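In: Have a look; sequence and predicted model below, questions after that.
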Amino acid sequence: MALQKKDFIEIEFTGRVKDGEIFDSNILEDIKKLHEGHSHEIEAKPIIFCLGEGMFLKGIDDFLVGKEIGKYKVELTPDKAFGVRLSKLVQMVPIKLFQSQKLNVYSGAVFNFDGRMAKVLTVSGGRVIVDFNNPLAGKNVVYDIHVLRKVEDLNEKIKTFINFLFRGEFKFSIQENKIIIEVEKKMSQFVEMFKEKFKDVFNMDLEIKEIEEISKKSQ
C-alpha cells in the first residue's frame, strides 16, 4: 500500500553530497566513515517520523509520499534540499564581539549566534567575515533511503511525536479519543500550544495533566 501524508514510517538512510562525502547517516558502517578518527562510541538505529509534518528533510518527505516500503535513491537539487547559497548571509562581524566573549576566532571556526550557526571565512584586522549559510547550501545531495516499515502502533507513534516536539519523553495515556500527557506545571503552557498539531496528526484531543515537579534525588 502506498505511503500517505501523516503515515509514520521507520527508515535507514545515508545522505551524501553528490559525487562527494557522507554528511549524515543512521547506518553504522556509514556513520563510522563520517566520524573517522573519532574515538567516541557510535550508535546507529533507524529513525521514525511522520510524513508531511516537517520531521525530516522536506524533499525526502515529498518524494516518499505515494511510494511503497522499500529502497530508494533520491537526488535533490539545492532548492529541494538545504537551500541555495545567499550572499546576504555572508556578513562582517567586528572582532570585538568575539574578544568580549573571550572567544578564539580563526578561519574555519564555527560559532552559535543566538541559535544561528555560522562559519568564520576570514579574519583580517578588526573584521571577521562569517557565513550563516547552511554548510550544504547550494549543493546537490543524494540520499539512499530504506523504508523499513509503516508504524501501526498508536503508542509508538505518539511517543515518537512527543520526542520530536519536546526533545524528551513524557508519560502519556490514551482514553477513548484523547491523548493525556503528564507534564510539570512549568511545561504545561508550552505543551498546550501543540493541541492543534496533535489533533491534526492523530485526530485526537490533547489533554494536559499537570504533575508535581520532579526533583532530582540527592546523591
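Out: Now that the structure is in, tell me what you want to look at. Numbers count the residues shown, from 1 in each chain.
In: where in this structure is pLDDT low?
Out: When residues are selected by pLDDT under 70, those of the chain lie in 37-40, 214-219.
In: ranges for the strands of this structure?
Out: When secondary structure is read from DSSP state E, the chain shows strands at 8-17, 22-25, 47-50, 70-76, 90-94, 110-113, 116-124, 127-131, 141-151, 172-175, 178-184, 205-211.
In: Next, work out how far apart the spatially closest residue to G52 that is not a sequence neighbour and H35 are.
Out: With sequence-adjacent residues excluded and distances taken as CB to CB, 6 or more residues apart in numbering, G52 is closest to K5, at 3.6 Å. For the C-beta atoms, the positions are set from N, CA and C on the backbone; glycine is no exception. Here the criterion is CB to CB, to the nearest Å. By it, K5 lies 34 Å from H35.
In: And for K171?
Out: According to CB to CB, K171 and H35 sit 34 Å apart.
In: before we move on, what about A137?
Out: From A137 to H35 the distance is 23 Å (CB to CB).
In: So for the two, which residue has more residues nearby?
Out: More crowded of A137 and H35, by other CB atoms under 10 Å: A137, with 16 against 13.
In: Run a quick neighbour tally on K178.
Out: By the measure other CB under 10 Å, the count of residues near K178 is 12.
In: Isn't it up against E207?
Out: Yes - assessed by CB atoms under 8 Å, K178 is found in contact with E207 at 5.2 Å.
In: returning to what we had before: which residues does the residue nearest to G52 contact?
Out: Residues in contact with K5 (CB atoms under 8 Å, 6 or more residues apart in numbering) are 51-52, 65.
In: what's the answer for L154, then?
Out: L154 neighbours (CB under 8 Å, 6+ apart): 174, 202.
In: Mind doing that once more with 7 Å?
Out: With contacts defined as CB atoms under 7 Å, 6 or more residues apart in numbering, L154 is in contact with I174.
In: Could you do the one 4 residues further on as well?
Out: Taking CB under 7 Å, 6+ apart as the definition of contact, the neighbours of I158 are 172, 179.
In: switch the cut-off to 10 Å
Out: Under the criterion of CB atoms under 10 Å, 6 or more residues apart in numbering, the neighbours of I158 are 8, 170, 172-174, 179, 181, 198, 201-202, 204.
In: May I have the beta-bridge partners of V151?
Out: F8 (DSSP bridges).
In: wait, isn't it in contact with I9?
Out: Yes - proximity of V151 to I9 meets the contact threshold set by CB atoms under 10 Å, at 6.5 Å.
In: Between those two, which is the more surrounded one?
Out: For V151 versus I9, neighbours defined as other CB under 10 Å are more numerous around I9 (21 against 16).
In: Is the more buried one in contact with E53, as I believe?
Out: No - between I9 and E53 no contact is recorded; they are 11.5 Å apart, counting by CB under 10 Å.
In: how does this structure divide up, domain by domain?
Out: 1-83+139-150, 87-131, 153-219 (automatic domain parsing).
In: and among the ones you listed, the most buried is which?
Out: When these are scored by mean count of other CB atoms under 10 Å, the highest mean neighbour count falls to domain 1-83+139-150 (a mean of 15).
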